[in-house]
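Engineer: Got a sequence here, can you model it:
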Amino acid sequence: MRPQELRALCLSFEAAVEDFPFNPETSVFKVLGKMFALTNLGARPLTVNLKCDPEDALRLRREHEGLIAPGWHMNKRHWNTVTVDGGLPDRLVRELVEDSYDLVVAGLPRAERLRLDRP
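Structural biologist: Next up, the predicted model:
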């Protein structure tokens with residue numbers, strides 16, 4: 001997956017926005033103010049930090065050693081750093097980004113969730 005594809009994917013979700021709270025190079029993708037993806041789109045290899053169910057996070061790290069690791073500078077129980085340089089199928093990367101978004105949305109207050117088109 002190329003950087004522009006990752007950016008477009010992150011912005012394709014309802015109410016998703018890109019922000020740069022840390023520096024001009026680090027894209028933070030949020031839904032209603034809550035982060036679901038963090039990446040430097042100019043970095044090589046391209047990586048993205050994504051929220052993940054803790055049990056799934058451990059399984060994914062085992063199954064994709066070297067490509068999915070504990071979240072860099074994140075809570076390692078809930079975040080993975082995913083290398084997006086072609087080593088993983090694009091379909092899996094898309095699923096992981098969507099899962100991260102869904103987990104963040106699920107943690108929003110009910111009133112905020114109802115503002116979105118998603119269940």
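Engineer: what about His73, is that helix, strand or coil?
Structural biologist: When the structure is reduced to helix, strand and coil (DSSP: H, G, I helix; E, B strand; the rest coil), His73 reads as coil.
Engineer: what's near enough to touch it?
Structural biologist: Under the criterion of C-beta atoms under 8 Å, 6 or more residues apart in numbering, the contact list for His73 reads Asn49. Using the backbone N, CA and C atoms, a C-beta is placed for each residue, glycine as well.
Engineer: Kindly recompute the last result at 10 Å.
Structural biologist: Counting by C-beta atoms under 10 Å, 6 or more residues apart in numbering, His73 makes contact with Phe22, Leu38, Asn49, Trp79, Thr81.
Engineer: from these, which is closest to Glu55?
Structural biologist: Within the contacts of His73, proximity to Glu55 (C-beta to C-beta) peaks at Trp79, which comes in at 13.9 Å.
Engineer: and the closest residue to that closest one other than its chain neighbours, how many neighbours?
Structural biologist: Excluding its sequence neighbours, the residue lying closest to Trp79 (C-beta to C-beta, 6 or more residues apart in numbering) is Gly71, at 2.8 Å. Residue crowding around Gly71 was assessed by other C-beta atoms under 10 Å; the count is 20.
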